[in-house]
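Asks: Need the 3D shape of this:
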Amino acid sequence: MDYLDFSEQNEDTNHEYLLLFQEDLENAGLKQKNIYNHLSNADLSINDFSGNRMNVTMEEGVTMLGDFLGDYFIRKCMWSSPSTVKTTTASLKKFYKSMAKHRKIEKKDYDYVCRDIKESMEYWQESCKSYNNPHFPF
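Replies: Residues are numbered from 1 along each chain as shown. Alright, predicted model coming up:
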């Protein structure tokens with residue numbers, strides 16, 4: 001399968017995942033603004049980063065949160081801050097919980113996401129703070 005075929009198929013699959021996630025968020029009674037933010041954060045991770053940048057599926061991207069939050073998000077998203085790292089992480093944790101609930105990933109993969117977030121959050125936030133510092137050496 002060439003890149004364009006993979007990309008189209010992956011985006012279609014990811015769209016289905018995002019619809020499942022949206023339904024779970026709506027059933028949880030979240031406000032539309034919060035639902036939009038969670039969906040936007042998940043979309044950025046599974047489509048822009050995993051699909052387009054890394055050329056992997058959502059399932060394969062489970063192990064790439066460090067690459068996404070500790071590097072790509074910090075460098076490529078002008079709105080990145082330690083606070084947005086935290087809110088994006090919260091969205092991804094909810095997303096992967098939804099995917100585990102719907103058996104799109106295994107529970108062990110969701111457990112990995114939770115452990116990775118817990119162990120890396122402080123580092124990701126510090127990296128973002130350093131990167132956004134105008135005196136940060138490049």
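Asks: check contacts around the most centrally placed residue in the chain.
Replies: The centroid of the chain falls nearest to residue 45 when counting by C-alpha atoms, centre = their mean (3.6 Å). By C-beta atoms under 8 Å, 6 or more residues apart in numbering, residue 45 lies in contact with 61, 68, 88, 92, 95. C-beta here means a position set from N, CA and C on the backbone, and glycine is covered the same way.
Asks: residue ranges of the helices in this structure, please?
Replies: Using DSSP state H, the helices found in the chain span residues 3-27, 32-43, 58-61, 65-67, 73-76, 82-101, 107-132.
Asks: can you put those helices in JSON lines and add mean pLDDT?
Replies: JSON lines is the format used below for the helices of the chain (pLDDT from 0 to 100):
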{"stretch": "helix 3-27", "mean pLDDT": "91"}
{"stretch": "helix 32-43", "mean pLDDT": "98"}
{"stretch": "helix 58-61", "mean pLDDT": "94"}
{"stretch": "helix 65-67", "mean pLDDT": "94"}
{"stretch": "helix 73-76", "mean pLDDT": "93"}
{"stretch": "helix 82-101", "mean pLDDT": "98"}
{"stretch": "helix 107-132", "mean pLDDT": "96"}
